[in-house]
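> Dropping a prediction and its sequence here:
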Amino acid sequence: KNEVEQSPQNLTAQEGEFITINCSYSVGISALHWLQQHPGGGIVSLFMLSSGKKKHGRLIATINIQEKHSSLHITASHPRDSAVYICAPRNFGNEKLTFGTGTRLTIIP
Amino acid sequence: KAGVTQTPRYLIKTRGQQVTLSCSPISGHRSVSWYQQTPGQGLQFLFEYFSETQRNKGNFPGRFSGRQFSNSRSEMNVSTLELGDSALYLCASSLSLAGGTSYEQYFGPGTRLTVT
């Protein structure tokens, strides 16, 4: 069983729809990162959170430490949100990042 | 403030050769981490350097090595290249990952290595 499970693997939605990407992990963590990767490879860190909820513009990230689960939400999705979103928990003991396989999001105008 | 820079951006090497990749972190950042991304394995952690010391290491063979200089710039080296080493190599810098406190990571654009 992978340490990090993301779902769905692929998601296609219409512009304006509310998007949810889920991440479950099995290890104790000190923090969890949500990353965005556009075609061409560049990675941007969207959120780093260790409890509760964070919001940046149309993006919201939540985490439930007890349930070892995090979600990334996008409100009023836009074609420019099309990217791969990667969940990356940071192991509490050794501080290493492990990565989910990513969710490929496509927003259709 | 300038972002994380990586050089070169693209590289083609032959099996058996060695390669050195460079990463310049954001000014003031003392931690540099390296990652490998392949279509088959996804993103994987290689190693992390803090104040010129390797503080963490992933599960990669000894052919993969790195170092950090006093100005926090970091290099990674892969010796005896194999076809499977073809990947996007990313570095990321942060203020620190000391004492269990996690800091935001800022990624460079990556070096795309092709081994033929």
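Cool, the structure landed.

> Show me the strands in chain A, by range?
Per DSSP state E, chain A carries strands over the ranges A:4-7, A:10-14, A:19-25, A:29-37, A:43-49, A:52-56, A:59-64, A:69-74, A:83-91, A:103-108.

> want to throw those strands into TSV with mean neighbour count and distance to chain B?
C-beta: built from backbone N, CA, C; applies to glycine. Formatted as TSV, the strands of chain A follow (neighbours: other Cβ atoms under 10 Å in any protein chain shown; distance: least, Cβ to the nearest Cβ, whole Å):
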stretch	mean neighbour count	distance to chain B
strand A:4-7	18	10
strand A:10-14	13	15
strand A:19-25	19	14
strand A:29-37	22	4
strand A:43-49	19	4
strand A:52-56	12	12
strand A:59-64	18	13
strand A:69-74	20	14
strand A:83-91	22	5
strand A:103-108	17	12
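
> Those: which one's closest to B:T111?
B:T111 lies closest, by Cβ to Cβ, to one member of these: strand A:43-49, at 13.1 Å.

> Ok, which of the strands of chain A comes nearest B:V32?
That would be strand A:43-49 among the strands of chain A, by Cβ to Cβ, at 14.7 Å.

> sorry, back to before: now the strands of chain A as TSV including mean pLDDT?
Below are the strands of chain A laid out as TSV (pLDDT from 0 to 100):
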stretch	mean pLDDT
strand A:4-7	95
strand A:10-14	98
strand A:19-25	98
strand A:29-37	94
strand A:43-49	93
strand A:52-56	96
strand A:59-64	97
strand A:69-74	98
strand A:83-91	95
strand A:103-108	97
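
> B:P8 is nearest to which of those strands?
Closest among the strands of chain A, using Cβ to Cβ: strand A:43-49, at 18.1 Å.

> got the angle between that closest one and strand A:59-64?
Angle, strand A:43-49 to strand A:59-64, by axes from the mean of the first three to the mean of the last three Cα atoms, to 10 degrees: 50 degrees.

> so strand A:43-49 versus strand A:69-74, what angle?
Interaxial angle, strand A:43-49 versus strand A:69-74 (the same axes, to 10 degrees): 120 degrees.

> Can you check the pLDDT for the most centrally placed residue in chain B?
Chain B has B:W34 as the residue nearest its centroid, 2.8 Å off, counting by Cα atoms, centre = their mean. Per-residue pLDDT puts B:W34 at 97.

> and it, backbone torsions?
phi -120, psi 140 (degrees, to the nearest 10).

> Show the contacting residues for it.
For B:W34, the contact set (Cβ atoms under 8 Å, 6 or more residues apart in numbering or on different chains) comprises B:C23, B:F45, B:L46, B:F47, B:E48, B:G66, B:S74, B:M76, B:Y89, B:L90, B:C91.

> again, only this time at 6 Å
B:L46, B:F47, B:M76, B:C91 (Cβ atoms under 6 Å, 6 or more residues apart in numbering or on different chains).

> Who are the contact partners of the closest residue to it other than its chain neighbours?
Once flanking residues are discounted, B:W34 sits nearest to B:L46: 4.1 Å by Cβ to Cβ, 6 or more residues apart in numbering or on different chains. For B:L46, the contact set (Cβ under 6 Å, 6+ apart) comprises B:W34, B:Y35, B:Q36, B:G58, B:F60.

> out of the residues you listed, who's nearest chain A?
Among the contacts of B:L46, B:G58 lies closest to chain A (Cβ to the nearest Cβ), at 6.8 Å.
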